[in-house]
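J.: Show me how the following folds:
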Amino acid sequence: MKKILSITVSLFTLLIVYSQDFHLSQYWASPLNLNPALSGVMEDNIRMSASYRNQWFQYSTYATYTASVDANLFRKKLKGNFLGLGLGFYQDIEGEGDFQNTGVSLNLAYNQKFGGRNATHYIGLGFQSAYVSKQINLQNLVYGSLFEFNDNSDPIDFANYNRKSFMDFGAGFNYFVNIQDKHSIGGGFAVTHIANPNISFGSNDEDILYRKYSANASARLELNNKIISIIPLILYQKQGPHSELNMGSYVRFLLNDMKNAAIYAGAQYRIATYENGGFGSDAFILGVRGEISSVDIGFSYDVTTSNLRNTSTFTGGPELYVIYTIATSKSRYREMINCPKF
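T.: A predicted model of the protein is given here:
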């Protein structure tokens, strides 16, 4: 029984160690986690955002929480160029808190403006430094001794296997162009876990966290005198042998230009790698958004399209975000950036 338990716990630990980073369907609502170069990229000056995602709605598996605040600095002094500074937080919680993955990051970015009368271009470079802590709650485990001796005692010493903390680093590049204050196109590339940190819970073991590569692109194309805008978007992420591709589009309907009131509706489709290395269908994502003045709220639901759909437990999951922005300056430099919204 002890040998079986040891193998079982080892497999459990390996599953946790090799688990991939969390993902968000509405990834634009967590820009600091997507790409550090997006820090401060906004029309206003300060942005606060928060997201919640439940991986499977019918069952308590993984829940993800993110929160961030970022700002652009010295835009007037630098004549349209600016520094971006951001502080981010995320936490993955498995089940009833048996496994937690928590990270706090500090982002720094710089965006350089150039262009002519009809188009304004921005190129940005960003860096991220993060402190990450992974924790396992071993108190809720059921050991074989409970059935053998009616005593749920730990037959193995896990004193050094309940927490792992490490520093993590990332970098990113971002580009966008604003065309005649009507259309905008942008895209970026980011690399996280650059140093391949050791995330093993064992002090004498080594399990290297794969680097993650992310590439995204989006556009905002105005139609019908700003009343309707088409927002196509795409995201590709690869981490070790695993990868996923999100692609889709939103439609924006302007309700009140003076109050920046609009509603969005859209859909995405996600494909991901299977264990055999091939790509397969993962989820169809339906989403709605609403914004008025400085508030942007979005909700999406993942409809499972993989083989997990055959089990009622894994039919899909909801995701909710809120973004609030603050304008500290009404100068012309606030309007010059006019960055694209995903």
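J.: show me what contacts the spatially closest residue to Leu34 that is not a sequence neighbour?
T.: Excluding the flanking residues, the one nearest Leu34 by Cβ to Cβ, 6 or more residues apart in numbering is Tyr27, at 5.2 Å. No exception for glycine: its C-beta is placed from N, CA and C like everyone else's. By Cβ atoms under 8 Å, 6 or more residues apart in numbering, the contact set of Tyr27 is Asn33, Leu34, Asn216, Leu235, Asn246, Phe342.
J.: what do you get if the cut-off is 10 Å, keeping everything else the same?
T.: Residues in contact with Tyr27 (Cβ atoms under 10 Å, 6 or more residues apart in numbering) are 33-35, 51, 214, 216, 233, 235, 237, 246, 268, 319, 321, 342.
J.: List the ones among those that fall in helices.
T.: In helices, defined here by DSSP state H, the members of the contacts of Tyr27 are Asn33, Leu34.
J.: Let me know the closest of the contacts of Tyr27 to Gly103.
T.: Ranked by distance to Gly103 (Cβ to Cβ), the contacts of Tyr27 are led by Asn33 at 8.7 Å.
J.: How about the contacts made by that closest one?
T.: Counted by Cβ under 10 Å, 6+ apart, Asn33 has contacts 21-24, 27, 49, 51, 66, 68, 86, 88-90, 103, 105, 107, 128, 130, 170, 190, 192, 214.
J.: what about 8 Å?
T.: Leu24, Tyr27, Thr66, Ser68, Gly88, Tyr90, Ser105.
J.: Then the first one would be within a strand, right?
T.: The one in question is Leu24. No. If the criterion is DSSP: H, G, I helix; E, B strand; the rest coil, then Leu24 is coil and not within a strand.
J.: List the contacts of it.
T.: Counting by Cβ under 8 Å, 6+ apart, Leu24 makes contact with Ser30, Asn33, Ser51, Arg53, Thr64, Thr66, Glu319.
J.: Looking at those, which is nearest Val303?
T.: Nearest to Val303 out of the contacts of Leu24 is Glu319 (Cβ to Cβ; 12.3 Å).
J.: Can you give me the distance of the residue lying closest to the closest one once chain neighbours are set aside to Phe22?
T.: Among residues not flanking Glu319 along the chain, Arg53 sits closest, at 4.3 Å (Cβ to Cβ, 6+ apart). In this view, Arg53 and Phe22 are 8 Å apart by Cβ to Cβ, to the nearest Å.
J.: repeat for His121
T.: Where Phe22 is concerned, His121 sits at a distance of 32 Å (Cβ to Cβ).
J.: higher neighbour count, the two?
T.: Phe22 (19 against 14; other Cβ atoms under 10 Å).
J.: List the contacts of the closest residue to that one other than its chain neighbours.
T.: Using Cβ to Cβ, 6+ apart and skipping residues adjacent in sequence, the residue nearest Phe22 is Thr64, 4.7 Å away. Contacts for Thr64 were tallied using Cβ under 8 Å, 6+ apart; they are Phe22, Leu24, Ser51, Tyr52, Arg53, Gln55, Tyr90, Gln91, Asp92, Ile93.
J.: one more time with 7 Å
T.: By Cβ atoms under 7 Å, 6 or more residues apart in numbering, Thr64 lies in contact with Phe22, Arg53, Tyr90, Asp92.
J.: Count the neighbours of the nearest residue to Ile199 once chain neighbours are set aside for me.
T.: Distances taken as Cβ to Cβ, 6+ apart place Leu209 nearest to Ile199, at 4.9 Å, with adjacent residues excluded. Counted with other Cβ under 10 Å, the neighbours of Leu209 add up to 22.
J.: Backbone dihedrals for Leu209, please?
T.: Here the main-chain torsion angles of Leu209 (degrees, to the nearest 10) amount to phi -80, psi 130.
J.: Quick one: the contacts of Asn33 as JSON lines, columns for pLDDT and distance to Ala283 too.
T.: Output for these, formatted as JSON lines (pLDDT from 0 to 100; distance: Cβ to Cβ, whole Å):
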{"residue": "Leu24", "pLDDT": "90", "distance to Ala283": "12"}
{"residue": "Tyr27", "pLDDT": "93", "distance to Ala283": "14"}
{"residue": "Thr66", "pLDDT": "95", "distance to Ala283": "19"}
{"residue": "Ser68", "pLDDT": "96", "distance to Ala283": "24"}
{"residue": "Gly88", "pLDDT": "95", "distance to Ala283": "25"}
{"residue": "Tyr90", "pLDDT": "93", "distance to Ala283": "20"}
{"residue": "Ser105", "pLDDT": "96", "distance to Ala283": "26"}
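J.: out of the contacts of Tyr27, which one sits closest to Phe253?
T.: Nearest to Phe253 among the contacts of Tyr27, with distances taken as Cβ to Cβ, is Phe342, at 16.3 Å.
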